[in-house]
Structures are given as structure tokens and as C-alpha cells.
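Peer 1: I would like to see how this sequence folds:
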Amino acid sequence: MQIGKERTLEIFYSDLKHNIQQAAQNSDFASSLTHSLYRYPASMSPILARQLIISLTRPGDLVLDPFCGGGTTAIESLAHGRRIICSDINSLARFVTIAKAFPPQEKTIEEFEKWISSAIKHLESIRYLKGKPLLSRTGKKFAPKTHALILLLRDLANTIRNRHVRRLALLTVLKLGKLCFDCNELSPTPTYLISKLKRISIQTSIALKTYSSECLKWPTSHDLKGSLRIFSCNATNLSSASNLKSENISLVLTSPPYPGVHVLYNRWQIHGRSETDLPYALINISDGYGPSYYTFGDRKRLDNMKYFRDLEITFKNLLNILNSSTVVAQVISFANPCSQLSRYRELMRSAGYKELFLGSSNSTILARKIPNRKWYKRATNNDQEAKEYIFLHRPI
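Peer 2: Numbering: from 1, shown residues only. Sure thing, here's the model as predicted:
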């Protein structure tokens with residue numbers, strides 16, 4: 001009898017590893033559901049997230065993402081009938097997650113479509129608009145009229161009374177601003193802005209309708225507020241800041257910050273790589289922190305001591321709200337895998353987790369090549385190909 005159980009488990013693990021590997025190798029651009037409504041830096045692959053959720057949970061199960069970022073885990077969980085709890089220390093991440101992941105009602109989408117049609121007509125009618133320009137690193141003025149038009153669009157969004165519609169409108173403003181300014185070498189023109197807004201409006205409406213219909217298929221859709229919960233706190237303090245000890249969390253699916261990898265979660269870069277906090281201004285929230293606040297330490301510290309120490313504390317604390325059957329799935333990259341990968345595995349052992357079957361050595365751990373991503377990282381080998389590694393753990 002015991003041999004039969006072990007054989008069944010062996011087959012399950014083999015199938016699971018195969019399915020995850022297939023999903024990891026898929027490099028298709030994330031355009032389904034609402035993933036493309038805003039590209040958050042270093043987002044998890046939706047295809048990989050979907051496979052992990054389907055393989056490791058059942059409809060109605062509860063998923064936790066303590067580093068929710070752009071909401072990939074939340075979107076895939078709700079679209080497949082799971083409940084989801086998210087947290088993030090970054091107010092921008094929390095806004096993006098709830099805007100992309102909360103399934104809108106039909107009347108909400110209709111109001112959004114009416115607003116954006118009216119907003120486009122208003123922008124097209126403007127002949128002259130004076131505004132404060134962004135500044136490049138050299139102090140050169142950068143696209144003052146385009147900047148002013150985006151701020152005007154933001155102000156129009158803020159007049160919307162329905163908070164769900166207003167959130168979608170501000171998300172549209174945020175995406176438009178990112179397309180016009182983030183990592184742009186050329187100054188965008190007002191004509192470019194309006195043409196992009198028209199395209200975004202069509203894509204957004206289609207995505208919202210598709211996503212909403214997928215979420216409404218499941219029994220959990222009768223309680224959307226209860227199916228999606230987002231906490232505003234550091235993942236290290238999540239277990240004490242929220243009443244989750246009585247919850248039965250089936251899966252933790254997350255992508256923590258990457259050690260030694262420079263990812264700007266809280267800034268956009270304009271001409272000359274000057275960094276601006278414009279994304280926060282566009283959605284009426286404050287930031288006020290440096291990049292190291294969101295990444296467990298300064299990337300310039302070669303030893304990454306603070307990163308590994310803080311992340312170990314985080315996962316130790318999470319044990320307070322997990323149970324022995326909870327699977328912890330992580331997708332993470334390293335600036336220097338040769339040294340940091342082993343260190344990360346030791347971190348998880350020290351925090352109180354056992355690693356599951358997906359690889360007994362560094363060379364056999366499941367990994368995926370990262371397509372179409374611009375990395376700013378310090379690595380010992382500049383030609384090193386960017387990869388993300390997939391870890392599965394359980395509490396000991």
C-alpha cells in the first residue's frame with residue numbers, strides 16, 4: 001500500500017515538473033487578460049504563474065503573494081477561481097494590482113469607455129497648453145506640452161465619482177505616461193500621446209471584458225471583495241500586521257526582489273536616464289523612498305548581507321500564517337547565480353523550509369530565460385544570460 005502511494009506521488013511530481021518546465025520555456029509576450037494594462041518592472045511570467053496555480057491548488061483555494069508587484073499572481077488566481085491575498089510595501093504596486101486584478105462590472109466598463117472617449121475629444125480640441133516640463137539629467141526641458149497633457153488627463157480622471165471607474169482611468173493615465181516617458185530617448189509629441197491613448201482605450205476595454213468574464217465563471221465571483229485582499233505592509237511584518245493565522249493558505253506564489261539586480265520599482269527614467277517619481281504623481285499617491293527601500297538593501301553592497309538577512313526573517317515570519325501542507329513557490333533571478341543561488345537555498349533551509357523535488361543541485365533547478373527584458377545589473381560575467389529560477393518549498 002505504501003509503495004503504491006509513493007509511486008503515485010512520484011508520477012505526480014514527474015508530471016508537475018514537466019508542466020512547470022513547459023510553462024517556463026514559453027516566452028510569449030503577456031497580452032492575455034489584464035496583464036498588459038501596465039507593465040510593472042520584473043513581473044512574473046503569467047503563463048508560469050498560471051501553471052503553478054492550476055497544478056498546486058484547486059478552485060476556491062487561497063493563494064498568498066507577499067510581494068505582489070504588478071498583480072500577476074492576483075490576476076491568474078481570480079481568473080481561475082482561486083482567492084488571493086496580496087501585500088506590497090510599494091504604494092504603486094498596490095494600486096496597479098487592485099486596478100488590474102479587481103474584476104469590473106459591465107456598467108463600470110461602459111462608464112470607463114464613455115470617459116475615455118470624452119477625454120480624447122477634449123485633448124484633441126486643445127490648441128495651446130502651457131505646463132511644467134520634466135527635466136533631463138543635463139537640465140534640458142523634456143516634452144513640456146506632452147507632460148502637461150498627461151497631467152490634464154490625470155485631472156480629468158480625478159473628476160470621476162465612481163472609484164472603480166476612476167481607478168481604471170488613472171491606470172490608463174499611468175500606462176500612457178510610461179509609454180511616453182519611461183526609457184524614452186526621444187521627446188514624445190502630443191500627436192503621439194493622443195494616438196497611443198486611442199489604441200490603449202480599445203485594448204483596455206477588450207482586456208477588461210475578457211478578464212471579467214473569466215472571473216465570473218467561478219463560484220467565488222459572488223464575493224469579489226472577499227476573494228481579493230490587499231495589505232499595505234512590508235512582507236516581513238505581514239503575519240503580525242494582518243489577521244491571517246486562521247486562514248488556510250494553500251499556496252504562496254511570489255517573486256521577491258532580486259539580489260544585486262538593479263530594478264527601478266519606484267522610478268521612471270527619462271532622457272539621459274534621469275529618474276523621476278512621475279508615476280506616483282499621476283495616480284495621486286506619495287513615494288518618498290529610495291530604490292533600496294523596495295529591494296532589501298543597496299545593490300552597490302557586494303555582499304548583499306542585508307538582503308539575505310531580511311529575506312530570511314521574512315520567510316521565518318511567514319511560517320506563523322502557513323501550515324505544513326502549504327507550498328511556497330518562488331520565481332527569482334540573481335546578479336551572480338554562481339554564488340547567490342546556493343546562498344538563497346541555504347537561506348530557505350535556515351528559515352524553516354524544505355526544498356521540493358525540482359532540483360537537488362544548482363545545475364538541475366528549473367530555470368527560464370528572460371526574454372525582452374532590459375537589465376541593469378552588476379554581474380561578474382557581463383555576457384551572462386538573464387535567467388529566473390523556480391523554487392518549490394514546504395514548511396519543515
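Peer 1: Which SSE is immediately downstream of the helix or strand of the chain with the lowest mean pLDDT?
Peer 2: Here the helix or strand of the chain ranked lowest by mean pLDDT, DSSP states H and E is strand 376-377, holding a mean of 42. As assigned by DSSP states H and E, the chain's next helix or strand after strand 376-377 is strand 387-395.
Peer 1: Please identify the pairing partners of that next one and their relative orientation?
Peer 2: Strands adjacent to strand 387-395 in the sheet, as given by DSSP bridges, are strand 327-332 (antiparallel), strand 353-355 (antiparallel), strand 367-369 (antiparallel).
Peer 1: hey, which of those is tucked in deepest?
Peer 2: strand 327-332 (a mean of 23; mean count of other C-beta atoms under 10 Å). (C-beta placed from N, C-alpha, C; glycine too.)
Peer 1: CSV for the strands paired with strand 387-395, including mean pLDDT and distance to residue 267?
Peer 2: CSV is the format used below for the strands paired with strand 387-395 (pLDDT from 0 to 100; distance: least, C-beta to C-beta, whole Å):
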stretch, mean pLDDT, distance to residue 267
strand 327-332, 96, 22
strand 353-355, 95, 33
strand 367-369, 86, 26
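Peer 1: and residue 216, what does it touch?
Peer 2: Contact analysis of residue 216 by C-beta atoms under 8 Å, 6 or more residues apart in numbering lists residue 103.
Peer 1: I should have written residue 25 there, sorry.
Peer 2: By C-beta under 8 Å, 6+ apart, the contact set of residue 25 is residue 368.
Peer 1: And it, its phi and psi?
Peer 2: In terms of degrees, to the nearest 10, the main-chain angles of residue 25 are phi -80, psi -10.
Peer 1: and what of residue 53?
Peer 2: Main-chain dihedrals, residue 53, degrees, to the nearest 10: phi -70, psi -50.
Peer 1: I figured residue 188 was touching residue 146, is that so?
Peer 2: Yes: Residue 188 lies in contact with residue 146 (C-beta atoms under 8 Å); the separation is 4.8 Å.
Peer 1: just to revisit the earlier point, let's have the strands paired with strand 387-395 in JSON lines, adding distance to residue 386.
Peer 2: Shown next, in JSON lines, are the strands paired with strand 387-395 (distance: least, C-beta to C-beta, whole Å):
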{"stretch": "strand 327-332", "distance to residue 386": "12"}
{"stretch": "strand 353-355", "distance to residue 386": "23"}
{"stretch": "strand 367-369", "distance to residue 386": "7"}
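Peer 1: Please identify the one among these that comes closest to residue 35.
Peer 2: Nearest to residue 35 among these is strand 327-332 (14.9 Å), distances taken as C-beta to C-beta.
Peer 1: I'd like the next helix or strand past that closest one.
Peer 2: helix 337-351.
Peer 1: domain parsing for this structure?
Peer 2: Domain ranges of the chain: 2-103+223-259+297-395, 106-212, per automatic domain parsing.
Peer 1: which one of these has the lowest average pLDDT?
Peer 2: Of all those, the minimum mean pLDDT falls on domain 2-103+223-259+297-395 (a mean of 85).
Peer 1: now it: how far from the chain's centre is it?
Peer 2: 10 Å (C-alpha atoms, centre = their mean, to the nearest Å).
Peer 1: Stretch 124-144 now?
Peer 2: With C-alpha atoms, centre = their mean, you get 30 Å for stretch 124-144.
Peer 1: re earlier: overlap in contacts of residue 188 and residue 146?
Peer 2: residue 180.
Peer 1: the more surrounded of those two?
Peer 2: Neighbour totals were compared for residue 188 and residue 146, and residue 146 leads with 25 against 21 (other C-beta atoms under 10 Å).
Peer 1: ok, now which ones touch the more buried one?
Peer 2: Listed by C-beta under 8 Å, 6+ apart, the contact set of residue 146 reads 180, 187, 188, 189, 190, 192, 193.
Peer 1: SS state for it?
Peer 2: Secondary structure assignment for residue 146 (DSSP: H, G, I helix; E, B strand; the rest coil): helix.
Peer 1: Pull up the gap between it and residue 129, please.
Peer 2: Distance of residue 146 to residue 129, computed by C-beta to C-beta, to the nearest Å: 10 Å.
Peer 1: cool, and residue 144?
Peer 2: 9 Å.
Peer 1: Which residue lies closest in space to residue 355, excluding its sequence neighbours?
Peer 2: Spatial nearest neighbour of residue 355, chain neighbours left out: residue 393 (5.6 Å); criterion: C-beta to C-beta, 6 or more residues apart in numbering.
Peer 1: And for residue 305?
Peer 2: Using C-beta to C-beta, 6+ apart, the closest residue to residue 305 is residue 297 (7.5 Å).
Peer 1: Could you double-check that the one you found lies in contact with residue 291?
Peer 2: No: Residue 297 is not in contact with residue 291 according to C-beta under 8 Å; the separation is 10.1 Å.
Peer 1: For those two, work out which one has more neighbours and name it.
Peer 2: Neighbours per residue (other C-beta under 10 Å) separate residue 297 from residue 291, with residue 297 holding more: 20 against 16.
Peer 1: still on that earlier bit, so the residue nearest to residue 355 sits against residue 349, correct?
Peer 2: No: in this structure, residue 393 is not within contact of residue 349 by C-beta under 8 Å, at 9.0 Å.
Peer 1: Sounds good, over and out.
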